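> Okay, predicted coordinates and the sequence, questions at the end:
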Amino acid sequence: MLIETRDLSFTYMPGTPFQVEALQSVNMTVARGEFIGIIGETGSGKSTLVQHFNGLLKPTGGEIRVEGKNIWAGEINLRTLRSRIAMLFQFPEHQLFEETVFNDVSFGPRNLGLSGSELTERVRFGLESMGLDFDTYRDRSPFQLSGGEKRRVAMAGILAMRPQVVVLDEPTAGMDPAGRRQFLEQVKRLHREEGLTVILVTHNMEEIALLAEKLFVFNRGKLVLQGSPAEVFKSAAVIRDTGLEIPALSELLQRLSEQGKKVRTDLFSVEEAAAEILQLVREDRS
Amino acid sequence: MSGMRSITLGHYLPGNSLLHRLDPRAKLVGLLILIAALFLIRTFSGFFYFGLFFLIAFISSRLPWRYFLRGLKPVLYIVIFTLILHFLFTKGGRVFWRFGVLTIEENGVYLGSFMTLRLILLVVTTLLVTLTTSPIAFADGIEFLLRPLRIFRVPGHEIAMMMTIALRFIPTLMEESDKIRKAQMARGADFESGNIFRRARNLVPLLVPLFVSAFRRADDLAVAMESRCYRGGENRTKMRQRQITGLDYLGVFTACGIALAIVLTGV
């Protein structure tokens, strides 16, 4: 197992009247090369959880292990860990600070001690992985880019560290549909071609259903469901209880299946579902 | 730096006690009188009576004492510093202790304890008021107190508004800096090691985004206020008019009574 939590709990501001139990006894595992979706409403503890994966937060209870090593028992260097498990925060364009795109993207690799041609290669890899041309963008100021470009530059800065795992916290929040699709397309390609382990935090069910191999559903700091998207969406009632909705497509297919129709309920793209329903209609006619 | 979240100095705790319900104007006027009274006290027994009064007020406020004490932590160093300075450098009276050129003498001990007590009472009384008054009520109170200064063209409303906005954005900016700090740490930034110059330079990745975001927020806020036709304090009325009640008079009179008693009895 790559990442494993054991009874992980976290409380904000313990011992004050403002204390909040953000996570309660979470047990979960992530394997190498998986595409994981973490879903839950705002305040469900999902962002708090992922900040434990690279040691940005220290659990107030339980433990977190990466490759079998307890990261808070001094068995692992936290800075090395953070270069391997990289993290992109919400609205990552707010973290840009350098004068040029090149300098900003190279911040992570420079902190890893890289320089010279290797550094340039890393920056090129980062930018081009996100579909940004190296020569066009390298000398531009990150503050003069469009919102979507800024976000991709921020992501490039993460990828330039060549991590094994990327944790993305609602990476597409506030993006337009085209930018959203493009961004996720790049992430998917990296997952497929580079074998990148991806942990995506979101509350967009439609989006995650198409991407993730495994879902973890959180509600009020507790892990309430886990499994493949098809398995998870079968528990529509539990999901509704968390304040989320299962994708409309899954609901449609499930209702058809409940009425005794022979349809697959594990389809998440409009094209596949349309074909399935079309076939059903044709069979009914004949 | 995770301690940033736990700053509690002056962090308002909602409640429904007598002190919470007191009008902010009355509370501020009362506080000013009490502070003045504190500086008129000349003997230790005076501090004892004042402390007793504070204790009653504190208990009636129903604030958790642990939380209250935590708010005092930042002041602790100043208190200890004062104490040490007085102990070592105020001379006169019997000599209690000698080490080379350093001596602790009677007057130093007396004055040190006296000043420290005054400082502690000053801080706890003020803290009691800030912990039971919401920032908005507090700014309202300040605006009221500044009103007489209008003849000197002191913009009372604007000062109060700036205070409100500043207070409103402290938690927001703190959260923001926490987030940016983590984002940069995730990119391998190091905020904890190195000498002071190195550390200062390492703060650039934190400070630049923080300033950018503060300016962006200020801009958004200005637009939001202007689109609601905000144009300063002139002829501005309040949605919730604060009413001075008998309770508020009682509070101010109590404070006056304490000050008067101190002056008259000479404690």
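Alright, I've got the coordinates.
> got a list of what the residue of the stretch 151-286 of chain A found nearest chain B touches?
In the stretch 151-286 of chain A, the residue that lies nearest chain B is residue A:157 (6.3 Å; C-beta to the nearest C-beta). All C-beta atoms are positioned from the backbone trio N, CA, C, and that covers glycine. Residues in contact with residue A:157, defined by C-beta atoms under 8 Å, 6 or more residues apart in numbering or on different chains, are A:104-108, A:126, B:187.
> hmm, 10 Å instead?
A:86, A:88, A:92, A:95-96, A:98, A:101, A:104-109, A:123, A:126-127, A:130, A:142, B:183, B:186-187 (C-beta atoms under 10 Å, 6 or more residues apart in numbering or on different chains).
> count of residues packed around the residue in the stretch 151-267 of chain B positioned nearest to chain A?
Chain A sits closest to residue B:188 of the stretch 151-267 of chain B, with a gap of 3.0 Å, by C-beta to the nearest C-beta. Using other C-beta atoms under 10 Å in any protein chain shown, residue B:188 has 19 other residues around it.
> Once you drop chain neighbours, what's closest to it?
residue A:111 (3.0 Å; C-beta to C-beta, 6 or more residues apart in numbering or on different chains).
> Double-check that neighbour against residue A:83; I have them as touching.
Yes - Residue A:111 sits in contact with residue A:83 when judged by C-beta atoms under 10 Å, with a separation of 7.8 Å.
> Spell out which residues are contacts of both of the two.
Jointly contacting residue A:111 and residue A:83 under the rule C-beta under 10 Å, 6+ apart are A:161, B:187-188.
> quick check, nearest of these to residue B:231?
Lowest distance from residue B:231 to the shared contacts of residue A:111 and residue A:83 (C-beta to C-beta) belongs to residue B:187, with 43.8 Å.
> ok, the closest one to residue A:107 distance?
Relative to residue A:107, residue B:187 is positioned 6 Å away (C-beta to C-beta, to the nearest Å).
> overlap in contacts of the two?
Common neighbours of residue B:187 and residue A:107 (C-beta under 10 Å, 6+ apart) are A:95, A:157, A:160-161, B:205.
> quick one: the residue of chain B most remote from its centre from residue B:88, how far?
Ranking residues of chain B by C-alpha distance from their mean position (C-alpha atoms, centre = their mean) puts residue B:100 at the top, at 39.9 Å. From residue B:100 across to residue B:88, the span is 12 Å (C-beta to C-beta).
> can you check residue A:249 too?
In terms of C-beta to C-beta, residue A:249 sits 78 Å off from residue B:88.
> Compare those two and say which is more crowded by neighbours.
residue A:249 (23 against 15).
> show me what contacts the more buried one?
A:205-206, A:209-210, A:233, A:265, A:267-270, A:272-274, A:276-277.
> Mind telling me what element it is part of?
Element membership for residue A:249 (DSSP states H and E) is helix A:248-258.
> show me what contacts the residue in the stretch 101-250 of chain A that chain B sits nearest to?
Proximity of the stretch 101-250 of chain A to chain B (C-beta to the nearest C-beta) peaks at residue A:111, 3.0 Å away. Counting by C-beta under 10 Å, 6+ apart, residue A:111 makes contact with A:79, A:82-83, A:161, B:184-185, B:187-190, B:202, B:205.
> Quick check: mean pLDDT of the one helix or strand residue A:87 maps to?
Assigned by DSSP H and E, residue A:87 belongs to strand A:85-88. In this model, strand A:85-88 carries a mean pLDDT of 94.
> Give me the helices and strands touching it, please.
helix A:46-53, helix A:147-159, strand A:165-169, strand A:197-202, helix B:156-186 (3 or more C-beta pairs under 10 Å, 6 or more residues apart in numbering or on different chains; DSSP states H and E).
> Indicate which one of those is closest to residue A:219.
Closest among the helices and strands packed on strand A:85-88, using C-beta to C-beta: helix A:46-53, at 10.0 Å.
> Measure how the closest one sits relative to strand A:197-202, angle-wise.
Relative orientation of helix A:46-53 and strand A:197-202, computed by axes from the mean of the first three to the mean of the last three C-alpha atoms, to 10 degrees: 160 degrees.
> what sits against residue 136?
Since you didn't name a chain, this refers to chain A. So residue A:136 contacts A:101, A:127 (C-beta under 10 Å, 6+ apart).
> if you could check chain B rather than the one you did, that'd help
Residue B:136 neighbours (C-beta under 10 Å, 6+ apart): B:12, B:24, B:160, B:163-164, B:167-168, B:240.
> do you know how far it is from residue B:256?
For residue B:136, the distance to residue B:256 - C-beta to C-beta - is 27 Å.
> Tell me the spacing between residue B:125 and chain A.
21 Å (C-beta to the nearest C-beta, to the nearest Å).
> Quick check, that residue in contact with residue B:47.
No - Residue B:125 is beyond contact range of residue B:47, at 11.9 Å (criterion: C-beta under 10 Å).
> residues bridging contact with those two, i.e. touching both?
Counting by C-beta under 10 Å, 6+ apart, the residues touching both residue B:125 and residue B:47 are B:38, B:54.
> The longest helix anywhere in chain A versus helix A:147-159: what angle between them?
Longest helix of chain A, by residue count under DSSP state H: helix A:177-194. For helix A:177-194 against helix A:147-159, the angle by the same axes, to 10 degrees is 20 degrees.
> And helix A:177-194, what does it pack against?
strand A:35-40, helix A:116-129, helix A:147-159, strand A:165-169, strand A:197-202, helix A:205-211.
> in that helix, what's buried?
By neighbour count on 16 or more other C-beta atoms under 10 Å in any protein chain shown, the buried set for helix A:177-194 is A:179-180, A:182-184, A:186-187, A:190-191.
> With stretch A:160-175 instead?
Buried-residue list, stretch A:160-175, by 16+ other C-beta under 10 Å: A:160-172, A:175.
> and what of stretch B:194-214?
So, applying 16+ other C-beta under 10 Å, buried residues of stretch B:194-214: B:202, B:205-206, B:208-210, B:212-213.
> returning to that earlier point: make CSV out of the shared contacts of residue B:187 and residue A:107 and add distance to residue A:229 and pLDDT.
Formatted as CSV, the shared contacts of residue B:187 and residue A:107 follow (distance: C-beta to C-beta, whole Å; pLDDT from 0 to 100):
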residue, distance to residue A:229, pLDDT
A:95, 31, 91
A:157, 30, 95
A:160, 31, 95
A:161, 29, 94
B:205, 37, 92
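> Would you reformat those residues as CSV and include distance to residue A:67?
Output for the shared contacts of residue B:187 and residue A:107, formatted as CSV (distance: C-beta to C-beta, whole Å):
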residue, distance to residue A:67
A:95, 27
A:157, 25
A:160, 23
A:161, 18
B:205, 29
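> and which of these is nearest residue B:92?
Nearest member of the shared contacts of residue B:187 and residue A:107 to residue B:92, counting by C-beta to C-beta, is residue B:205, at 54.4 Å.
> Make sure I have this right: the closest one is in a helix.
Yes - applying DSSP: H, G, I helix; E, B strand; the rest coil, one finds residue B:205 inside a helix.
> where's it relative to residue A:150, distance?
For residue B:205, the distance to residue A:150 - C-beta to C-beta - is 16 Å.
> and the buried residues of stretch B:194-214 near chain A, which?
Residues of these in contact with chain A (C-beta under 10 Å from any C-beta of the partner chain): B:202, B:205-206, B:208-210, B:212-213.
> How about residues contacting stretch A:265-274?
A:205-212, A:228-231, A:233-234, A:247-258, A:263-264, A:275-277.
> Could you turn the buried ones of these into a ChimeraX selection?
Only the buried entries of the contacts of stretch A:265-274 go into this ChimeraX selection, using 16+ other C-beta under 10 Å:
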select /A:205,206,207,208,209,210,211,212,229,230,233,234,247,249,250,253,254,256,263,276,277
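> Spell out which parts of the stretch 101-250 of chain A neighbour chain B.
The stretch 101-250 of chain A comes close to chain B at residues A:104-105, A:107-113, A:143, A:154, A:157-158, A:160-161, A:163, A:167, A:169, as judged by C-beta under 10 Å from any C-beta.
> One more pass at 8 Å, please.
Proximity of the stretch 101-250 of chain A to chain B (C-beta under 8 Å from any C-beta of the partner chain) is limited to residues A:107-108, A:111-112, A:143, A:157-158, A:161.
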